[in-house]
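Sequence and computational prediction follow.
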Amino acid sequence: MALDFGLPANARPETLAEVGEVETLRRIFPRLPHASAELLGPGDDAAVLAAPDGRYVVTTDMMIHGPDFRAAWSTAHDLGWKAAMTNLADVAAMGARPTALVMAIAAPLDTPVEVLLGIADGLRDACAAAAPGCGVAGGDLSVSATLTLAVTAFGDLEGRAPVTRAGARPGDTVAVAGALGRAGAGIWLLFRDGVVRHGPGVGSVRADGARVTSDGSNAGVGSHPHDEPGVFAESGESRASGEPDAVLGAVLRREHPDLLEAQLAPTSPIASGVVAALGGATAMLDVSDGLVLDARRIAQASGCVIRLDPAAIAREARALIDLDAVVGDHAPDFVLAGGEDHALLATFPLGTALPDGFRPLGEVAAVPPVASPDVLLGDRPYDDRAGWDPYADWDGHAG
């Protein structure tokens, strides 16, 4: 079945096979934003970018139909937006200003050309909204059995040292800019009612939000597509009522717009990356895989303990409930383990005023004797399974 991203059922869209690569590129190029660092852009064998700092920050992220998105729930614009935003957030997390993107798309031959144009529009709009001056300098098209996007982003440190994960020191304040828990709650809503076609299985999310383990016990709230085995069949049904996936996605987007937008088209506080660097951040990353999992990455790289303040987590959970009461008692789990919000998590020296947009979450502490770098919620460890690991968690059902 073609991935049409909700194009009208009575439409007869031109496909990539019918139009061909040259004409598809001719239609895409005018939609791509110009990068201010671009000296030579699309149309040659390679782009040429200015490097006034003499260094680049470079990052790459992939999105694959199945583990990373589902066409029945998203628009093509969503996909382009999310592909841009996830990469922009990685650049921002280094304390750099995003300057350019390059994009590669592999798609089935029966994919409508309009899908690729929508992806280009999403890339353009994400750059304009979150990183003005950043544009698309080039890319590649290919054919594949599964729709796949790969975006590489470049950033300018503007003379500053990069902010890595390894600089946190005991006494530092742990702080965050951006939302926590919304995207995790959004994917939970999309999967919470089970799958008619395959039925709930180990790792699935029950209607009450609990993840099912091999012994049937509650292992906490699921936050990623992998929590429902087999859900990525393109023509599957998602509710016990047999409601089609596309209908479910549209209904939930109307009923819970903040949570669904955060999952399908997230917005990261990109400008806060440079603000944090100028404000003395000692370590930073973007929260893509869950607050606890990503905070643990700082702890391990820095050789420290990240102690999250339970009162701060409760505050974040309350804000999530106030945004949409559907999250209920699961709100703390979404905040701690939800992921995909692409907030910026940073540490700042004790006594330093937090930059605008950042709010405190806890503190950095020394590693106790005979212990290892870790994340604590107050004085207690949090479940180390929290968060998303594509190799450990994805079950391979891509539809």
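All right, it came through fine. In this text, all values refer to a predicted model and were calculated from it rather than measured experimentally.

from here on, contacts and neighbour counts on C-alpha atoms
OK.

Flag the shaky bits of this protein, pLDDT-wise.
Within the chain, the ranges that satisfy pLDDT under 70 run 1-2, 4, 6-11, 193-248, 383-399.

Centroid-nearest residue for it?
For the chain, the residue sitting closest to the mean C-alpha position, by CA atoms, centre = their mean, is residue 340 at 3.6 Å.

What sits closest to it if chain neighbours are left out?
Nearest residue to residue 340, sequence neighbours excluded (CA to CA, 6 or more residues apart in numbering): residue 288, at 4.3 Å.

which ones are touching that neighbour?
Residue 288 sits next to 86, 294, 339-343 when contact means CA atoms under 8 Å, 6 or more residues apart in numbering.

Redo those residues as CSV? Include secondary structure.
Output for the contacts of residue 288, formatted as CSV (DSSP: H, G, I helix; E, B strand; the rest coil):
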residue, secondary structure
86, helix
294, helix
339, coil
340, coil
341, coil
342, coil
343, strand
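
Now the two most distant members of the residues you listed.
86 and 294 (14.6 Å; CA to CA).

What lies in contact with the helix or strand where residue 23 lies?
Assigned by DSSP states H and E, residue 23 belongs to helix 21-28. Defining contact as CA under 8 Å, 6+ apart, one finds that helix 21-28 is touched by 16, 113, 116-117, 120, 141.

run the last query once more with 6 Å
Helix 21-28 is contacted from outside by residue 117, using CA atoms under 6 Å, 6 or more residues apart in numbering.

The helix or strand that that helix is followed by pairs with which strands?
Per DSSP H and E, the first helix or strand lying C-terminal to helix 21-28 is strand 38-40. Within its sheet, and counting by DSSP bridges, strand 38-40 is paired with strand 48-49 (antiparallel).

contacting residues around the partner strand?
Under CA under 6 Å, 6+ apart, the answer for strand 48-49 is 37-40.

need the longest strand for the chain.
Of all the elements of type strand in the chain, the one with the most residues (DSSP state E) is strand 97-107.

What residues of that one count as buried?
Of all the residues in strand 97-107, those buried under the rule 16 or more other CA atoms under 10 Å are 97-103, 105-107.

Tell me how far residue 309 lies from residue 178.
Separation of residue 309 from residue 178 (CA to CA, to the nearest Å): 17 Å.

Please apply the same query to residue 149.
Distance of residue 149 to residue 178, computed by CA to CA: 25 Å.

Quick check: neighbours of the longest strand of the chain in the sheet, parallel or antiparallel?
Strand 97-107 pairs in its sheet with strand 135-143 (parallel), strand 148-156 (antiparallel), by DSSP bridges.

now, of those, which is deepest in the fold?
strand 148-156 (a mean of 23; mean count of other CA atoms under 10 Å).

Check which helix or strand residue 292 maps to.
Element membership for residue 292 (DSSP H and E) is helix 291-302.

tell me which strands and helices that helix is in contact with?
For helix 291-302, the packing partners by 3 or more CA pairs under 6 Å, 6 or more residues apart in numbering; DSSP states H and E come out as helix 331-337, strand 374-377.

now with 10 Å?
Where contact means 3 or more CA pairs under 10 Å, 6 or more residues apart in numbering; DSSP states H and E, helix 291-302 is packed against strand 283-287, strand 305-308, helix 331-337, strand 343-348, strand 359-365, strand 374-377.

hang on, the earlier thing: tell me the one of the contacts of residue 288 nearest residue 322?
Nearest to residue 322 among these: residue 341, at 17.3 Å, using CA to CA.

The closest one contacts residue 187, doesn't it?
No - the pair residue 341 / residue 187 is not scored as a contact, 11.3 Å apart, by CA atoms under 10 Å.

before we move on, the earlier item: going on from the longest strand of the chain, what's the next piece of helix or strand?
Tracing the chain past strand 97-107, the next element assigned as helix or strand by DSSP H and E is helix 113-130.

List the buried residues for that following helix?
Neighbour-count burial for helix 113-130 flags 113-127, 130 (criterion: 16+ other CA under 10 Å).
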